[in-house]
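**Q** Following is a predicted model, sequence given first.
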Amino acid sequence: MRFDIMEQRLISTTGELSELRQLLDSGMYNNVLLVCGKHTSSTLCVNDLILGKVTGSNITMFSDFKPNPTYESVVQGVKLFRENGCDSIVAIGGGSAIDVAKCIKLFTGLEGDGENGEFLKMELQPSDIPFAVMPTTAGTGSEATRFAVIYYNGVKQSVTHVSSIPNVVFLNPDALKSLPDYHRKSSMLDALAHSIESFWSVNSTEESRSYSCDAISMIMANMEEYLNNTPKGNRQMLIAANTAGKAINITQTTAGHAMCYKITSLFGLAHGHAAFLCDKILFPWMTERTDRCSDPRGSEYLKSVFEQISKALGCGSTEEAKEKLESIYKVLELDTPKADQEQINELTDSVNEQRLKNNPIALDKATIRQLYEQILEGVR
């Protein structure tokens, strides 16, 4: 089954948002719910859009959500959409804003008011609500996937439906200008981790591997300019993140992501930082154990995948690629936490087994523990 069946338009724009204004005047976006963080709304001419100065559309602003958004926030967004007779959605922001907008789109057509988590218990239905997004980070690739993540009673909920994929994505390099240095680095590493994990996933296809290869190559070719905050670097990284999103939309993520989530909450690391921290250890560990391949395509196939990843990284061998991944991390000057025995135990117990099934080499609990000790520089 294909999960990229919706045709998605990528449109280049700038800080003036003229292309977005044209879309809002196209007749398809007449009564818009604008999902946008409070900080984002004060930049990028978004306030002009809200006030209706540059478009004939009616715009209702929704910003009542935070990073790692809750189900309750989404329910408030659904209520606002219904009460204002909205007919379309535009999301401007990072992964949280886009995920909230996805869930609003999917839940709006369901019966009831969503109390007590009822939307999460219902079967999702196809939705034809026009949906456009403008990412303000180059990392999550959420604008290219059928997945959204929200939290209910503190527990992560994955909401998945092909209808959640936006129809239109605006690529605006100006949106990345004000990214803090750490966020800039970690979001790039998120896109790189997506590309690499999708490449080696047991669910990979010829199409997904092509996306992965293109994304890795784009990241490597534009890393310096992106880190220097140039318009070209920002634009190319937005495209790379979108391409990586297309890859994981087909394959989903693997062990690196399964192992990184608790690192983020335990040590306060950004998601991309934690994911890459795991993948730069997983890559050499797996290249040395291809005889334990669990991918039905076999160990020789897996060896060729690692060689293709190495080539996309600009390396001539997997050994050189291992050193490349380490050098990227070193150049970015990111800290690596140290874990004590209690934290290693907590991390080991936290791993999402479903994502482990996508990994090409099976990981048991003892192996996961050993990997965490390598990832986090041993046990104090």
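**A** Cool, got the structure.
**Q** Residues contacting stretch 145-154, please?
**A** 3, 68-71, 73-74, 98-100, 102-103, 106, 117, 120, 142, 156-162, 164-165, 245-246, 248-249, 252 (C-beta atoms under 8 Å, 6 or more residues apart in numbering). Bear in mind the C-beta positions are built from the backbone N, C-alpha and C, glycine included.
**Q** try stretch 292-309
**A** By C-beta under 8 Å, 6+ apart, the residues outside stretch 292-309 that reach it are 196, 199-200, 202, 204, 209, 212-213, 216, 283, 286-287, 290-291, 317-318, 321, 359-362.
**Q** out of these, which are buried?
**A** Under a neighbour-count criterion of 16 or more other C-beta atoms under 10 Å, the subset of these counted as buried comprises 196, 199-200, 202, 204, 209, 212-213, 216, 283, 286-287, 290, 318, 321, 359-361.
**Q** I'd like the domain boundaries of this protein, if you could list them.
**A** 9-176, 181-375 (automatic domain parsing).
**Q** what about residue 10, which SS state?
**A** Three-state secondary structure (criterion: DSSP: H, G, I helix; E, B strand; the rest coil) places residue 10 in strand.
**Q** Would you enumerate the residues in contact with the residue positioned nearest the centre of the chain?
**A** In the chain, the centroid-proximal residue (C-alpha atoms, centre = their mean) is residue 140; its distance is 2.3 Å. Contact partners of residue 140, counting by C-beta under 8 Å, 6+ apart, are 94-95, 98, 187, 190, 241, 245.
**Q** Go again with 10 Å.
**A** Applying C-beta atoms under 10 Å, 6 or more residues apart in numbering, we find residue 140 in contact with 94-96, 98-99, 149, 187, 190-191, 194, 241-242, 244-245, 248, 271-272.
**Q** Kindly report the same for residue 26.
**A** Applying C-beta under 10 Å, 6+ apart, we find residue 26 in contact with 55-57, 130, 168.
**Q** of all these, which two lie farthest apart?
**A** Looking at those by C-beta to C-beta, the two members farthest from one another are 56 and 168, with 17.8 Å of separation.
**Q** which of these two has more neighbours?
**A** Set residue 56 next to residue 168 and count neighbours by other C-beta atoms under 10 Å: residue 168 wins out with 21 against 12.
**Q** So, low pLDDT: which residues of the stretch 151-300 of the chain?
**A** Scanning the stretch 151-300 of the chain with the threshold set as pLDDT under 70 gives no residue ranges.
**Q** all helices in it, in order from the N-terminus.
**A** Under the criterion DSSP state H, counting those that start in this stretch, the stretch 151-300 of the chain contains helices at 181-200, 206-227, 231-251, 255-267, 271-287, 299-312.
**Q** Distance to residue 32 for those - can I get that in CSV?
**A** Putting the helices of the stretch 151-300 of the chain into CSV (distance: least, C-beta to C-beta, whole Å) gives the following:
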stretch, distance to residue 32
helix 181-200, 26
helix 206-227, 30
helix 231-251, 22
helix 255-267, 33
helix 271-287, 29
helix 299-312, 39
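**Q** right, so of these, which gets closest to residue 20?
**A** With C-beta to C-beta as the measure, helix 231-251 is the member of the helices of the stretch 151-300 of the chain nearest residue 20 (14.7 Å).
**Q** For that closest one, name the packing helices and strands.
**A** Using 3 or more C-beta pairs under 10 Å, 6 or more residues apart in numbering; DSSP states H and E as the contact criterion, the neighbours of helix 231-251 among helices and strands are strand 9-12, strand 131-135, strand 147-152, strand 168-171, helix 181-200, helix 206-227.
**Q** Pull out the buried positions in that helix.
**A** Here helix 231-251 shows 233-251 as buried, counting by 16+ other C-beta under 10 Å.
**Q** now the angle between strand 131-135 and it, please.
**A** Put simply, helix 231-251 runs at 130 degrees to strand 131-135, going by axes from the mean of the first three to the mean of the last three C-alpha atoms, to 10 degrees.
**Q** and helix 231-251, C-alpha only, in CSV?
**A** Listed in CSV are the C-alpha atoms of helix 231-251, where the atom choice follows Å, rounded to 0.1, in the frame of the first residue of the first chain:
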residue,chain,number,x,y,z
PRO,A,231,19.1,31.9,2.3
LYS,A,232,20.4,29.1,0.0
GLY,A,233,21.4,26.9,2.9
ASN,A,234,18.1,27.4,4.6
ARG,A,235,16.0,26.7,1.5
GLN,A,236,18.0,23.6,0.6
MET,A,237,17.7,22.2,4.1
LEU,A,238,13.9,22.8,4.0
ILE,A,239,13.8,20.7,0.9
ALA,A,240,16.0,18.0,2.4
ALA,A,241,13.8,17.8,5.5
ASN,A,242,10.7,17.5,3.4
THR,A,243,12.4,14.7,1.3
ALA,A,244,13.5,12.9,4.5
GLY,A,245,9.8,13.1,5.6
LYS,A,246,8.7,11.5,2.4
ALA,A,247,11.1,8.6,3.1
ILE,A,248,9.8,8.0,6.7
ASN,A,249,6.2,8.4,5.5
ILE,A,250,6.8,5.1,3.7
THR,A,251,9.1,3.3,6.1
